[in-house]
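Visitor: return atomic coordinates for the entry below.
(one chain, ligands or ions: 2)
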Amino acid sequence: MGSLDRENVGIGLDLSVGVEGVLPSLARPANASRIFHGIVFDAGSTGTRIHVYTFIQKDPAELPLLEKETFQSVKPGLSAYADTPETAGETVRQLLRVAKKAVPHVEWERTPVVLRATAGLRLLPPKKAQALLDEVEVAFEESPFFVPDNSVHIMNGTDEGILAWVTVNFLTGQLQAKTKKTVGTLDLGGASTQITFLPKFKRKVFESSCLSRKFREDWSFGGLTYKISGIPDGSTGFTECYKEMLKVVKGVIHQPPELQDSNTFYAFSYYFDIAVEAGLIDERRGGMVKVQDYSIRAKEVCNKLSMYLATKPFLCMDITYITCLLKDGFGFKDETILKLTQKVNNVETSWALGAIFDYFQNIKIH
Ligand SMILES: Nc1nc2c(ncn2[C@@H]2O[C@H](COP(=O)(O)OP(=O)(O)O)[C@@H](O)[C@H]2O)c(=O)[nH]1
Ligand SMILES: [Ca+2]
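Guide: Ligands and ions are numbered 1, 2, ... in the order given. The predicted structure follows:
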């Protein structure tokens, strides 16, 4: 069982995956089935999701084929249980039932299960986040699946971006192709806006011209309550709101290098959700939007805030943030087209698939 030919995909990730690499310490007969599985939990800020992948390794020198994904999600995210971490364990146990159905019994003990947490846990005080991760680990250890070292941890934003890129480029066939042409990916988390704003508000009072003057709400996170409101006697509207977002965007964006040489962009997660909320695309079908579509809609919404006060009080802020991120953060032109999709070839566009590749290729293959 030698190590396999590896192919560099141009972003410093080595992605060749061999079925042997997936069989930790379990020798397999030569004619064994070349189907294998991997389980990834995405502990996001707004929900926890399980992705169960079934791969087929036809040619050991090639990337495996992804035969299917079984996906399920629950809300809220683990960070909502910061003060009752045992509930986080329950959430994971509930989703592990999905994996038990999707993976044949005989495969359980060699099927790895990993959990990567993102913004929601990053924002929590480290002790509370750790207590949640510990509960997840207990639930994993009780399960019949293979729990690798470092199976449960918080991932940084750069990894999220790279692994989402890997996922989409794998699903669209770019990683197999002889040409080095790849597509760009844009993933925006639900807590990104909060991450960006909260540390700036030491008084914990957050007033914004992106919100209606009449808007007032308490928002709790990680045991703290923030008072969020419009500016009672201030100006509102797109121009003011954009200026506010610009201050934030300018300070946080590091332009991912792969954006520069791609001309097709897949955008998902919050880009998708907000486009649906704004009526730019159909939720089931997704669609193509130009950068200027976000900005035109942002103007319409922000300049009529009172109309959205009752139903979509944050839409102006969210869509202006996205517009600003695309234009002044990433430097996209108004005409740049984004493909908004939740799935490619029936598989969720999420960093999760990239994460299982990353796991497999890190196993020492001998
Ligand atoms: N369909 C689908 N939607 C997702 C997935 N991951 C994230 N989202 C959406 O993207 C938004 C981003 O949120 P989330 O992942 O919870 O936040 P993060 O922790 O900041 O990345 C949520 O509102 C979800 O609707 C996924 O795997 N599938
Ligand atoms: Ca996410």
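
Visitor: low-confidence stretches in the chain?
Guide: 1-33, 177, 179, 192-203, 252-261, 362-366 (pLDDT under 70).

Visitor: so where do the helices sit in it?
Guide: Taking DSSP state H to define them, one finds helices in the chain at 85-102, 119-122, 126-142, 157-171, 192-197, 238-252, 270-277, 291-302, 305-308, 315-324, 351-362.

Visitor: redo the ones you listed as JSON lines? Include distance to ligand 1 and mean neighbour count.
Guide: In this view, the C-beta of every residue, glycine as well, is placed from N, C-alpha and C. As requested, those are exported to JSON lines (distance: least, Cβ to the nearest ligand atom, whole Å; neighbours: other Cβ atoms under 10 Å):
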{"stretch": "helix 85-102", "distance to ligand 1": "13", "mean neighbour count": "18"}
{"stretch": "helix 119-122", "distance to ligand 1": "3", "mean neighbour count": "24"}
{"stretch": "helix 126-142", "distance to ligand 1": "13", "mean neighbour count": "18"}
{"stretch": "helix 157-171", "distance to ligand 1": "7", "mean neighbour count": "22"}
{"stretch": "helix 192-197", "distance to ligand 1": "5", "mean neighbour count": "18"}
{"stretch": "helix 238-252", "distance to ligand 1": "14", "mean neighbour count": "17"}
{"stretch": "helix 270-277", "distance to ligand 1": "5", "mean neighbour count": "21"}
{"stretch": "helix 291-302", "distance to ligand 1": "16", "mean neighbour count": "21"}
{"stretch": "helix 305-308", "distance to ligand 1": "19", "mean neighbour count": "16"}
{"stretch": "helix 315-324", "distance to ligand 1": "11", "mean neighbour count": "26"}
{"stretch": "helix 351-362", "distance to ligand 1": "6", "mean neighbour count": "22"}
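
Visitor: those: which one's closest to residue 344?
Guide: helix 157-171 (4.0 Å; Cβ to Cβ).

Visitor: near ligand 2 at all, that closest one?
Guide: No: using Cβ under 5 Å from the ion, helix 157-171 never reaches ligand 2; the gap is at least 6.6 Å.

Visitor: output the contacting helices and strands for that helix.
Guide: In this structure, helix 157-171 packs against strand 184-186, helix 351-362, with contacts taken as 3 or more Cβ pairs under 8 Å, 6 or more residues apart in numbering; DSSP states H and E.

Visitor: as JSON lines, these with distance to ligand 2 would be great.
Guide: Formatted as JSON lines, the helices and strands packed on helix 157-171 follow (distance: least, Cβ to the ion, whole Å):
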{"stretch": "strand 184-186", "distance to ligand 2": "12"}
{"stretch": "helix 351-362", "distance to ligand 2": "7"}
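
Visitor: OK, contacts around residue 290?
Guide: Taking Cβ atoms under 8 Å, 6 or more residues apart in numbering, we find residue 290 in contact with 334, 335, 336, 337, 338.

Visitor: and it, how far from residue 178?
Guide: For residue 290, the distance to residue 178 equals 31 Å [Cβ to Cβ, to the nearest Å].

Visitor: contact partners for the closest residue to residue 125 other than its chain neighbours?
Guide: Excluding its sequence neighbours, the residue lying closest to residue 125 (Cβ to Cβ, 6 or more residues apart in numbering) is residue 222, at 6.3 Å. By Cβ under 8 Å, 6+ apart, the contact list for residue 222 reads 79, 82, 123, 124, 125, 128.

Visitor: distance of the fifth one from residue 223?
Guide: So that's residue 125. Residue 125 is 8 Å from residue 223, by Cβ to Cβ.

Visitor: about what we covered before: among the helices and strands packed on helix 157-171, which is nearest residue 318?
Guide: Comparing the helices and strands packed on helix 157-171 by Cβ to Cβ, strand 184-186 comes nearest, at 14.6 Å.

Visitor: hmm, the closest one touching ligand 1?
Guide: No: under the criterion of Cβ under 6 Å from any ligand atom, ligand 1 is not reached by strand 184-186; the shortest gap measures 11.7 Å.

Visitor: what sits up against that strand?
Guide: Contacts of strand 184-186 (Cβ under 8 Å, 6+ apart): 161, 164-165, 167-169, 256, 258-259, 262-268, 271, 330, 338, 349.

Visitor: hmm, try it at 10 Å
Guide: Outside strand 184-186, the residues that touch it by Cβ atoms under 10 Å, 6 or more residues apart in numbering are 161-169, 172, 256, 258-272, 322, 325-326, 330, 332, 336, 338-340, 349, 351, 354.

Visitor: residue 129 contacts residue 122, doesn't it?
Guide: Yes: Residue 129 lies in contact with residue 122 (Cβ atoms under 10 Å); the separation is 7.6 Å.

Visitor: what touches both of the two?
Guide: Counting by Cβ under 10 Å, 6+ apart, the contacts common to residue 129 and residue 122 are 79, 154.

Visitor: domains in this protein, by residue range?
Guide: 2-155+346-363, 185-201+237-344 (automatic domain parsing).

Visitor: can I get these in JSON lines with distance to residue 218?
Guide: Below are the domains of the chain laid out as JSON lines (distance: least, Cβ to Cβ, whole Å):
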{"stretch": "domain 2-155+346-363", "distance to residue 218": "15"}
{"stretch": "domain 185-201+237-344", "distance to residue 218": "13"}
